[in-house]
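Asks: no FASTA, just this:
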């Protein structure tokens, strides 16, 4: 057999080997990608339920504010909660749209970047929720007591107590901001905090990211063998 024939045979075997590696990689990736897609589907269902609940809360607060339009003390609390509820609804809409936009049949790196962007957005949303929760407590109590039980918080509780709640909320917010700036690096490197943030972000999102990392590893191994 001449040299050119040997080279042709070798190239043919080489192409078959590349094809075999690609097929093996796809076979390994397929179940992992299905698991990742399943995890995001479950997360999508959870977010849609939470979006529906946020819309119900927004409708309740809007109705409450309209019914008490002639009472500034209730209107102020209602408007503040409406703003927070609108922000919450828009956040869920953006999350759902971003999750729906992920194409698991496309490049893995692109899907990983999209999931990472969603994770970062989740962390930011969690941070702002924890930050603003102390300030929203008093308006929330005003709206719930009056809207559900017809109890006027302003008439039932001393004014000093209400002012104390607001001041306490502001102090907690200031303390949270100070801790975040003072110990930001230490908190970022804390395994316990990272585990807690993973729990807050939800199992399904973390699971999807883990499956995508495994699929990426299969691709890297295939390229190394090639």
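Replies: Thanks, I have it. Small disclaimer: the values here were computed from a predicted structure and weren't measured.
Asks: does residue 170 touch residue 137 like I think?
Replies: No - using CB atoms under 8 Å, residue 170 is not in contact with residue 137; the gap is 11.4 Å. From N, CA and C alone the C-beta is placed, and that goes for glycine too.
Asks: more neighbours, these two?
Replies: More crowded of residue 170 and residue 137, by other CB atoms under 10 Å: residue 137, with 15 against 12.
Asks: which residues touch the more buried one?
Replies: Taking CB atoms under 8 Å, 6 or more residues apart in numbering, we find residue 137 in contact with 165, 169.
Asks: go on, residue 172?
Replies: Residue 172 touches residue 134, counting by CB under 8 Å, 6+ apart.
Asks: just residue 147 next, same as before
Replies: Residue 147 neighbours (CB under 8 Å, 6+ apart): 60, 64.
Asks: kindly report the same for residue 146.
Replies: Contacts of residue 146 (CB under 8 Å, 6+ apart): 64, 68, 74, 152, 153.
Asks: assign it to helix, strand or coil.
Replies: Under DSSP: H, G, I helix; E, B strand; the rest coil, residue 146 falls in the helix class.
Asks: quickly note the distance from it to residue 102.
Replies: Using CB to CB, to the nearest Å, residue 146 is found at 43 Å from residue 102.
Asks: can you check residue 40 too?
Replies: Using CB to CB, one gets 7 Å for the distance from residue 40 to residue 102.
Asks: please say which of those two ends up with more neighbours.
Replies: residue 40 (25 against 20).
Asks: show residues contacting stretch 52-68.
Replies: So stretch 52-68 is contacted by 74-75, 78-79, 81-82, 85-86, 88-89, 92, 143, 146-147 (CB under 8 Å, 6+ apart).
Asks: which of those residues fall within helices?
Replies: 74-75, 78-79, 81-82, 85-86, 88-89, 92, 143, 146-147 (DSSP state H).
Asks: what subset of those is buried?
Replies: Neighbour-count burial (16 or more other CB atoms under 10 Å) applied to these gives 74, 75, 78, 81, 82, 85, 88, 89, 92, 143, 146, 147.
Asks: out of those residues, which comes closest to residue 157?
Replies: Lowest distance from residue 157 to these (CB to CB) belongs to residue 146, with 12.2 Å.
Asks: from residue 71, how far out is the closest one?
Replies: 9 Å.
Asks: which helix or strand in this structure has the lowest average pLDDT?
Replies: helix 191-201 (a mean of 55; mean pLDDT, DSSP states H and E).
Asks: what sits against residue 174?
Replies: Here residue 174 is in contact with no residue (CB under 8 Å, 6+ apart).
Asks: I appreciate the help and will end here.
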